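# just the structure for this:
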Amino acid sequence: MSRLSAKLLLAFVSLTLLTILLIAVTQARSIARENTTLPLGERARLAPGDVARRFLRNGRVVPGEGWTAVVTPRLGARIQGLQSGEEVSRATLLAAVRDSLEQRTASLVGSSVIALLAAVALALALARVIARPVEAVTRAAGRVAAGDLTVRLPAPAAVGPNVSETTRLAHSFNVMADSLERLEADRQAMVADVAHELRTPLTIMRGRLEAMEDGVADLSLDEVRDLHAQVLALSRLVEDLRVLSLADAGKLSLQRSNFDLVELARAVTASAQVQANPKAVTLAAQGAGPVTVNADRDRLRQVMLNLLDNAIRYSPPGGRVTIDVHQDASGPSFSVSDEGPGVPVGSETTIFKRFARADPARSRDGGGSGLGLAIVGAIVELHGGSVTAANASAGGAVFTVRL
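Residues are numbered from 1 along each chain as shown. As a prediction, this is how the structure comes out:
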(Lines give C-alpha, C1' and ligand atoms only; values in the text may rest on other atoms or scores of the structure.)
Protein backbone atom coordinates (compact mmCIF):
# COMPACT_ATOMS: atom_id res chain seq x y z
CA MET A 1 0.00 0.00 0.00
CA SER A 2 1.32 3.40 -0.95
CA ARG A 3 1.65 6.27 1.48
CA LEU A 4 -1.23 8.12 -0.17
CA SER A 5 -3.52 5.09 0.19
CA ALA A 6 -2.50 4.71 3.82
CA LYS A 7 -3.22 8.38 4.50
CA LEU A 8 -6.63 8.18 2.84
CA LEU A 9 -7.45 5.01 4.77
CA LEU A 10 -6.43 6.64 8.03
CA ALA A 11 -8.51 9.72 7.25
CA PHE A 12 -11.67 7.74 6.46
CA VAL A 13 -11.33 5.48 9.50
CA SER A 14 -10.60 8.41 11.80
CA LEU A 15 -13.71 10.22 10.58
CA THR A 16 -15.80 7.11 11.13
CA LEU A 17 -14.38 6.60 14.63
CA LEU A 18 -15.18 10.21 15.50
CA THR A 19 -18.77 9.79 14.30
CA ILE A 20 -19.17 6.55 16.26
CA LEU A 21 -17.71 8.17 19.35
CA LEU A 22 -20.10 11.12 19.19
CA ILE A 23 -23.10 8.79 18.90
CA ALA A 24 -21.90 6.15 21.34
CA VAL A 25 -21.06 8.55 24.15
CA THR A 26 -24.60 9.87 24.46
CA GLN A 27 -26.10 6.39 24.23
CA ALA A 28 -23.64 4.94 26.72
CA ARG A 29 -24.39 7.72 29.21
CA SER A 30 -28.12 7.06 28.86
CA ILE A 31 -27.64 3.31 29.40
CA ALA A 32 -25.41 3.89 32.41
CA ARG A 33 -27.88 6.34 33.95
CA GLU A 34 -30.78 3.90 33.56
CA ASN A 35 -28.66 1.03 34.83
CA THR A 36 -27.91 2.83 38.12
CA THR A 37 -31.67 3.08 38.85
CA LEU A 38 -31.80 -0.71 39.26
CA PRO A 39 -30.92 -2.48 42.52
CA LEU A 40 -27.26 -3.44 42.73
CA GLY A 41 -27.90 -7.13 42.23
CA GLU A 42 -30.17 -6.59 39.25
CA ARG A 43 -27.91 -4.31 37.24
CA ALA A 44 -26.84 -5.32 33.76
CA ARG A 45 -23.50 -7.04 33.40
CA LEU A 46 -22.14 -8.15 30.02
CA ALA A 47 -19.04 -10.11 29.08
CA PRO A 48 -17.63 -9.84 25.54
CA GLY A 49 -19.20 -13.16 24.64
CA ASP A 50 -22.57 -12.05 25.97
CA VAL A 51 -22.41 -8.94 23.79
CA ALA A 52 -21.90 -11.05 20.68
CA ARG A 53 -24.68 -13.49 21.58
CA ARG A 54 -27.16 -10.77 22.42
CA PHE A 55 -26.33 -8.84 19.25
CA LEU A 56 -26.94 -11.90 17.11
CA ARG A 57 -30.14 -13.06 18.89
CA ASN A 58 -32.57 -11.61 21.41
CA GLY A 59 -32.52 -12.94 25.00
CA ARG A 60 -35.59 -14.36 26.71
CA VAL A 61 -36.83 -13.24 30.15
CA VAL A 62 -38.29 -15.96 32.37
CA PRO A 63 -41.17 -14.70 34.58
CA GLY A 64 -40.46 -14.90 38.31
CA GLU A 65 -42.51 -14.83 41.47
CA GLY A 66 -43.31 -12.20 44.10
CA TRP A 67 -44.27 -8.60 43.45
CA THR A 68 -46.71 -8.26 40.55
CA ALA A 69 -47.72 -5.56 38.14
CA VAL A 70 -50.06 -5.24 35.19
CA VAL A 71 -48.37 -5.79 31.82
CA THR A 72 -48.69 -2.82 29.49
CA PRO A 73 -48.47 -3.23 25.67
CA ARG A 74 -44.95 -1.75 25.65
CA LEU A 75 -43.80 -3.97 28.54
CA GLY A 76 -45.37 -7.00 26.89
CA ALA A 77 -43.29 -6.33 23.82
CA ARG A 78 -40.15 -6.47 25.97
CA ILE A 79 -41.15 -9.61 27.96
CA GLN A 80 -41.68 -12.43 25.54
CA GLY A 81 -44.64 -14.70 26.13
CA LEU A 82 -46.75 -12.19 28.08
CA GLN A 83 -49.90 -10.51 26.94
CA SER A 84 -51.22 -7.08 27.76
CA GLY A 85 -53.17 -6.99 31.02
CA GLU A 86 -51.39 -9.98 32.64
CA GLU A 87 -49.83 -9.65 36.05
CA VAL A 88 -46.04 -10.16 36.38
CA SER A 89 -43.73 -10.28 39.36
CA ARG A 90 -41.24 -7.62 40.40
CA ALA A 91 -38.33 -9.91 39.52
CA THR A 92 -39.74 -10.30 36.06
CA LEU A 93 -39.94 -6.53 35.61
CA LEU A 94 -36.38 -6.04 36.86
CA ALA A 95 -35.19 -8.81 34.56
CA ALA A 96 -37.00 -7.17 31.68
CA VAL A 97 -35.36 -3.80 32.35
CA ARG A 98 -31.94 -5.41 32.76
CA ASP A 99 -32.50 -7.39 29.55
CA SER A 100 -33.40 -4.18 27.72
CA LEU A 101 -30.26 -2.41 28.95
CA GLU A 102 -28.08 -5.35 28.01
CA GLN A 103 -29.72 -5.55 24.60
CA ARG A 104 -29.16 -1.84 23.97
CA THR A 105 -25.54 -2.12 25.06
CA ALA A 106 -24.96 -5.10 22.79
CA SER A 107 -26.64 -3.32 19.87
CA LEU A 108 -24.51 -0.21 20.43
CA VAL A 109 -21.26 -2.15 20.57
CA GLY A 110 -22.16 -4.42 17.66
CA SER A 111 -23.33 -1.54 15.45
CA SER A 112 -20.14 0.38 16.19
CA VAL A 113 -17.98 -2.60 15.25
CA ILE A 114 -19.92 -3.20 12.04
CA ALA A 115 -19.75 0.50 11.15
CA LEU A 116 -16.01 0.51 11.74
CA LEU A 117 -15.48 -2.60 9.59
CA ALA A 118 -17.64 -1.13 6.84
CA ALA A 119 -15.69 2.13 7.04
CA VAL A 120 -12.39 0.24 6.69
CA ALA A 121 -13.67 -1.69 3.66
CA LEU A 122 -15.08 1.45 2.06
CA ALA A 123 -11.90 3.38 2.82
CA LEU A 124 -9.78 0.68 1.17
CA ALA A 125 -11.92 0.82 -1.96
CA LEU A 126 -11.98 4.62 -2.11
CA ALA A 127 -8.27 4.90 -1.34
CA ARG A 128 -7.52 2.55 -4.21
CA VAL A 129 -9.79 4.47 -6.59
CA ILE A 130 -8.36 7.87 -5.59
CA ALA A 131 -4.72 6.89 -5.20
CA ARG A 132 -4.37 4.82 -8.38
CA PRO A 133 -4.37 7.80 -10.82
CA VAL A 134 -2.05 9.78 -8.57
CA GLU A 135 0.34 6.83 -8.33
CA ALA A 136 0.26 6.49 -12.12
CA VAL A 137 1.21 10.17 -12.47
CA THR A 138 3.98 9.68 -9.90
CA ARG A 139 5.44 6.74 -11.82
CA ALA A 140 5.19 8.62 -15.12
CA ALA A 141 6.85 11.69 -13.58
CA GLY A 142 9.67 9.47 -12.36
CA ARG A 143 10.21 8.18 -15.89
CA VAL A 144 10.23 11.74 -17.23
CA ALA A 145 12.78 12.71 -14.58
CA ALA A 146 14.90 9.76 -15.72
CA GLY A 147 14.91 11.13 -19.27
CA ASP A 148 12.02 9.26 -20.92
CA LEU A 149 10.00 12.10 -22.47
CA THR A 150 7.78 9.76 -24.51
CA VAL A 151 5.74 8.52 -21.53
CA ARG A 152 2.06 9.50 -21.62
CA LEU A 153 -0.97 8.76 -19.46
CA PRO A 154 -4.34 7.55 -20.77
CA ALA A 155 -6.31 10.78 -21.03
CA PRO A 156 -8.39 12.57 -23.67
CA ALA A 157 -6.69 15.09 -25.92
CA ALA A 158 -9.09 17.78 -24.70
CA VAL A 159 -10.92 18.02 -21.39
CA GLY A 160 -14.24 19.69 -20.70
CA PRO A 161 -15.52 21.42 -17.58
CA ASN A 162 -17.28 18.29 -16.26
CA VAL A 163 -14.35 15.85 -16.20
CA SER A 164 -12.85 14.60 -12.95
CA GLU A 165 -9.82 16.11 -11.28
CA THR A 166 -7.74 12.98 -11.92
CA THR A 167 -8.51 13.20 -15.64
CA ARG A 168 -7.48 16.85 -15.61
CA LEU A 169 -4.27 15.85 -13.82
CA ALA A 170 -3.46 13.21 -16.44
CA HIS A 171 -4.25 15.67 -19.26
CA SER A 172 -2.05 18.35 -17.70
CA PHE A 173 0.78 15.83 -17.33
CA ASN A 174 0.51 14.88 -21.00
CA VAL A 175 0.57 18.55 -22.02
CA MET A 176 3.65 19.09 -19.87
CA ALA A 177 5.35 16.01 -21.34
CA ASP A 178 4.55 17.21 -24.88
CA SER A 179 6.07 20.61 -24.10
CA LEU A 180 9.19 19.04 -22.60
CA GLU A 181 9.63 16.71 -25.56
CA ARG A 182 9.19 19.61 -27.99
CA LEU A 183 11.64 21.78 -26.04
CA GLU A 184 14.17 18.98 -25.96
CA ALA A 185 13.83 18.48 -29.71
CA ASP A 186 14.25 22.23 -30.25
CA ARG A 187 17.31 22.25 -27.99
CA GLN A 188 18.95 19.40 -29.88
CA ALA A 189 18.15 21.07 -33.21
CA MET A 190 19.52 24.38 -31.93
CA VAL A 191 22.77 22.78 -30.79
CA ALA A 192 23.16 21.16 -34.21
CA ASP A 193 22.37 24.45 -35.97
CA VAL A 194 24.80 26.41 -33.81
CA ALA A 195 27.52 23.87 -34.53
CA HIS A 196 26.79 24.15 -38.25
CA GLU A 197 26.75 27.95 -38.23
CA LEU A 198 30.03 28.09 -36.34
CA ARG A 199 31.68 25.42 -38.44
CA THR A 200 31.08 27.19 -41.78
CA PRO A 201 33.09 30.41 -41.13
CA LEU A 202 35.68 28.52 -39.10
CA THR A 203 36.20 26.09 -41.98
CA ILE A 204 36.61 28.99 -44.42
CA MET A 205 39.10 30.74 -42.14
CA ARG A 206 41.05 27.56 -41.54
CA GLY A 207 41.24 26.76 -45.26
CA ARG A 208 42.51 30.22 -46.19
CA LEU A 209 45.02 30.34 -43.34
CA GLU A 210 46.37 26.90 -44.30
CA ALA A 211 46.55 28.00 -47.96
CA MET A 212 48.60 31.05 -46.98
CA GLU A 213 50.76 28.90 -44.68
CA ASP A 214 51.48 26.43 -47.50
CA GLY A 215 52.22 29.23 -49.95
CA VAL A 216 49.23 28.46 -52.15
CA ALA A 217 47.71 31.90 -51.45
CA ASP A 218 49.47 35.17 -50.79
CA LEU A 219 48.95 37.16 -47.63
CA SER A 220 47.21 40.03 -49.35
CA LEU A 221 44.86 42.75 -48.24
CA ASP A 222 41.97 40.97 -49.96
CA GLU A 223 42.61 37.82 -47.93
CA VAL A 224 42.71 39.86 -44.74
CA ARG A 225 39.39 41.48 -45.67
CA ASP A 226 37.81 38.07 -46.30
CA LEU A 227 39.09 36.75 -42.97
CA HIS A 228 37.84 39.89 -41.24
CA ALA A 229 34.40 39.39 -42.80
CA GLN A 230 34.25 35.86 -41.41
CA VAL A 231 35.29 37.12 -37.98
CA LEU A 232 32.50 39.71 -38.12
CA ALA A 233 30.04 36.99 -39.08
CA LEU A 234 31.12 34.91 -36.09
CA SER A 235 30.89 37.91 -33.79
CA ARG A 236 27.38 38.69 -34.97
CA LEU A 237 26.29 35.08 -34.54
CA VAL A 238 27.67 34.96 -31.00
CA GLU A 239 25.99 38.28 -30.16
CA ASP A 240 22.68 37.07 -31.55
CA LEU A 241 22.91 33.91 -29.45
CA ARG A 242 23.72 36.00 -26.39
CA VAL A 243 20.67 38.20 -26.91
CA LEU A 244 18.40 35.18 -27.31
CA SER A 245 19.83 33.48 -24.24
CA LEU A 246 19.27 36.64 -22.19
CA ALA A 247 15.70 36.83 -23.46
CA ASP A 248 15.06 33.19 -22.53
CA ALA A 249 16.46 33.77 -19.04
CA GLY A 250 14.38 36.93 -18.59
CA LYS A 251 17.53 39.02 -18.15
CA LEU A 252 17.29 41.07 -21.33
CA SER A 253 16.82 44.53 -19.85
CA LEU A 254 15.09 47.49 -21.48
CA GLN A 255 16.18 51.11 -21.18
CA ARG A 256 12.88 52.82 -21.90
CA SER A 257 12.58 56.41 -23.06
CA ASN A 258 10.16 58.55 -25.09
CA PHE A 259 11.13 59.07 -28.73
CA ASP A 260 9.63 59.50 -32.18
CA LEU A 261 9.24 56.21 -34.02
CA VAL A 262 9.14 57.97 -37.40
CA GLU A 263 12.48 59.68 -36.75
CA LEU A 264 14.00 56.33 -35.71
CA ALA A 265 12.74 54.65 -38.90
CA ARG A 266 14.33 57.35 -41.04
CA ALA A 267 17.64 57.06 -39.24
CA VAL A 268 17.65 53.26 -39.59
CA THR A 269 16.88 53.34 -43.33
CA ALA A 270 19.64 55.87 -43.86
CA SER A 271 22.22 53.71 -42.11
CA ALA A 272 21.08 50.51 -43.87
CA GLN A 273 21.17 52.05 -47.37
CA VAL A 274 24.85 51.12 -47.67
CA GLN A 275 23.92 47.47 -47.32
CA ALA A 276 21.16 47.83 -49.96
CA ASN A 277 23.32 49.65 -52.55
CA PRO A 278 25.02 46.54 -54.03
CA LYS A 279 21.56 45.29 -55.11
CA ALA A 280 20.31 48.79 -56.00
CA VAL A 281 17.48 48.36 -53.48
CA THR A 282 15.83 51.58 -52.38
CA LEU A 283 14.99 52.04 -48.70
CA ALA A 284 12.28 54.47 -47.60
CA ALA A 285 10.64 55.45 -44.32
CA GLN A 286 7.26 57.09 -44.13
CA GLY A 287 4.83 58.10 -41.42
CA ALA A 288 2.22 60.76 -40.75
CA GLY A 289 3.44 63.06 -38.02
CA PRO A 290 5.43 62.12 -34.95
CA VAL A 291 4.54 58.79 -33.31
CA THR A 292 5.83 58.92 -29.76
CA VAL A 293 6.54 55.62 -28.00
CA ASN A 294 7.98 54.67 -24.64
CA ALA A 295 10.40 51.88 -25.44
CA ASP A 296 14.05 50.90 -25.68
CA ARG A 297 15.39 52.89 -28.63
CA ASP A 298 18.42 50.66 -29.23
CA ARG A 299 16.37 47.46 -29.09
CA LEU A 300 13.76 48.78 -31.52
CA ARG A 301 16.57 49.96 -33.77
CA GLN A 302 17.85 46.39 -33.74
CA VAL A 303 14.37 45.15 -34.64
CA MET A 304 14.16 47.50 -37.63
CA LEU A 305 17.66 46.64 -38.80
CA ASN A 306 16.95 42.91 -38.63
CA LEU A 307 13.73 43.32 -40.58
CA LEU A 308 15.47 45.52 -43.15
CA ASP A 309 18.32 43.03 -43.47
CA ASN A 310 15.80 40.25 -44.09
CA ALA A 311 13.89 42.35 -46.64
CA ILE A 312 17.06 43.37 -48.51
CA ARG A 313 18.22 39.74 -48.75
CA TYR A 314 14.97 38.63 -50.41
CA SER A 315 14.35 41.75 -52.51
CA PRO A 316 15.11 41.55 -56.23
CA PRO A 317 17.74 43.92 -57.68
CA GLY A 318 16.30 47.38 -58.07
CA GLY A 319 13.49 46.62 -55.61
CA ARG A 320 12.08 48.82 -52.88
CA VAL A 321 11.80 48.28 -49.10
CA THR A 322 9.57 50.55 -47.06
CA ILE A 323 9.13 51.14 -43.34
CA ASP A 324 5.66 52.52 -42.71
CA VAL A 325 5.02 53.96 -39.24
CA HIS A 326 1.46 54.66 -38.14
CA GLN A 327 -0.62 55.31 -35.06
CA ASP A 328 -4.15 53.98 -34.68
CA ALA A 329 -6.64 53.08 -31.94
CA SER A 330 -4.70 49.94 -31.00
CA GLY A 331 -1.46 51.86 -30.49
CA PRO A 332 1.75 52.62 -32.38
CA SER A 333 3.03 50.18 -34.97
CA PHE A 334 5.27 49.94 -37.99
CA SER A 335 5.54 47.59 -40.93
CA VAL A 336 8.43 46.59 -43.20
CA SER A 337 7.40 45.59 -46.72
CA ASP A 338 9.47 44.42 -49.67
CA GLU A 339 8.97 43.29 -53.28
CA GLY A 340 10.46 39.84 -52.87
CA PRO A 341 8.88 36.38 -53.25
CA GLY A 342 6.92 36.75 -50.00
CA VAL A 343 6.47 34.35 -47.12
CA PRO A 344 5.68 30.73 -48.03
CA VAL A 345 2.16 29.77 -47.06
CA GLY A 346 2.13 27.97 -43.72
CA SER A 347 5.42 29.41 -42.46
CA GLU A 348 4.04 32.72 -41.18
CA THR A 349 4.79 31.73 -37.57
CA THR A 350 7.62 29.22 -37.94
CA ILE A 351 9.97 31.78 -39.51
CA PHE A 352 10.28 33.44 -36.11
CA LYS A 353 11.89 30.32 -34.67
CA ARG A 354 15.63 30.08 -34.31
CA PHE A 355 17.63 29.05 -37.35
CA ALA A 356 14.44 28.98 -39.42
CA ARG A 357 14.59 29.95 -43.06
CA ALA A 358 11.71 30.43 -45.43
CA ASP A 359 13.73 28.53 -48.03
CA PRO A 360 15.67 25.67 -46.41
CA ALA A 361 17.75 25.28 -49.56
CA ARG A 362 19.39 28.70 -49.08
CA SER A 363 22.92 28.72 -47.82
CA ARG A 364 24.12 30.67 -44.84
CA ASP A 365 25.55 33.39 -47.02
CA GLY A 366 22.33 33.77 -48.97
CA GLY A 367 19.84 33.29 -46.17
CA GLY A 368 21.51 34.59 -43.03
CA SER A 369 22.02 32.69 -39.80
CA GLY A 370 18.30 32.30 -39.12
CA LEU A 371 18.44 34.23 -35.83
CA GLY A 372 17.37 37.69 -36.99
CA LEU A 373 13.62 37.13 -36.91
CA ALA A 374 13.91 35.15 -33.67
CA ILE A 375 15.56 38.18 -32.06
CA VAL A 376 12.82 40.41 -33.48
CA GLY A 377 10.17 38.24 -31.87
CA ALA A 378 11.99 38.16 -28.51
CA ILE A 379 12.49 41.93 -28.34
CA VAL A 380 8.96 42.77 -29.43
CA GLU A 381 7.52 40.30 -26.93
CA LEU A 382 9.69 41.85 -24.22
CA HIS A 383 8.03 45.19 -25.04
CA GLY A 384 4.61 43.58 -24.65
CA GLY A 385 3.90 43.78 -28.36
CA SER A 386 3.47 41.37 -31.24
CA VAL A 387 5.00 40.77 -34.67
CA THR A 388 3.30 39.08 -37.60
CA ALA A 389 4.29 38.11 -41.12
CA ALA A 390 2.01 38.14 -44.16
CA ASN A 391 2.05 38.53 -47.91
CA ALA A 392 0.95 41.78 -49.55
CA SER A 393 -1.74 41.62 -52.19
CA ALA A 394 0.64 43.22 -54.74
CA GLY A 395 3.41 40.75 -53.85
CA GLY A 396 6.22 40.67 -51.34
CA ALA A 397 6.33 40.12 -47.59
CA VAL A 398 5.00 42.46 -44.91
CA PHE A 399 6.24 42.27 -41.33
CA THR A 400 4.09 44.26 -38.89
CA VAL A 401 5.22 45.15 -35.36
CA ARG A 402 2.56 46.37 -32.91
CA LEU A 403 3.68 47.99 -29.67
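
# helix, strand or coil: sort out Q327 for me.
In three-state terms, and counting by DSSP: H, G, I helix; E, B strand; the rest coil, Q327 is strand.

# and the closest residue in space to it that isn't next to it in sequence, what's its pLDDT?
Once flanking residues are discounted, Q327 sits nearest to V291: 4.7 Å by Cβ to Cβ, 6 or more residues apart in numbering. C-beta: built from backbone N, CA, C; applies to glycine. For V291, the model assigns a pLDDT of 91.

# likewise for D178?
According to the prediction, D178 has pLDDT 90.

# please apply the same query to H196.
Predicted confidence (pLDDT) for H196: 76.

# before we move on, what about S84?
Looking at S84, its pLDDT stands at 47.

# V345 belongs to a strand?
No - using three-state DSSP, the secondary structure at V345 is coil, not a strand.

# what's the spacing between it and N310?
Look at V345 and N310: by Cβ to Cβ, to the nearest Å, they are 18 Å apart.

# likewise for A177?
Counting by Cβ to Cβ - A177 and N310 are separated by 35 Å.

# do the same with L122
67 Å.

# and those two? which has more neighbours close in?
N310 (24 against 14; other Cβ atoms under 10 Å).

# leaving out chain neighbours, which residue sits closest to that one?
Nearest to N310 is G372, by Cβ to Cβ, 6+ apart, at 5.7 Å.

# I figured the one you found was touching L308, is that so?
No - contact criterion Cβ atoms under 8 Å: G372 and L308 do not qualify, at 9.9 Å.

# more neighbours: those two, which one.
Shown here are G372 and L308; by other Cβ under 10 Å, L308 has more neighbours (28 against 22).

# in which helix or strand would I find that one?
L308 belongs to helix 297-314 when elements are defined using DSSP states H and E.

# buried residues in that helix?
Neighbour counts over helix 297-314 (16 or more other Cβ atoms under 10 Å) mark 297, 299-300, 302-308, 310-314 as buried.

# where do the helices sit along the stretch 251-400 of the chain?
Assigned helices in the stretch 251-400 of the chain, in chain order: 261-276, 297-314, 364-367, 372-382 (criterion: DSSP state H, counting those that start in this stretch).

# redo those helices as JSON lines? Include distance to G147 and mean pLDDT.
Output for the helices of the stretch 251-400 of the chain, formatted as JSON lines (distance: least, Cβ to Cβ, whole Å; pLDDT from 0 to 100):
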{"stretch": "helix 261-276", "distance to G147": "45", "mean pLDDT": "92"}
{"stretch": "helix 297-314", "distance to G147": "36", "mean pLDDT": "91"}
{"stretch": "helix 364-367", "distance to G147": "33", "mean pLDDT": "49"}
{"stretch": "helix 372-382", "distance to G147": "27", "mean pLDDT": "89"}
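
# and those: which comes nearest N391?
Closest to N391 of the helices of the stretch 251-400 of the chain, according to Cβ to Cβ: helix 297-314, at 12.0 Å.
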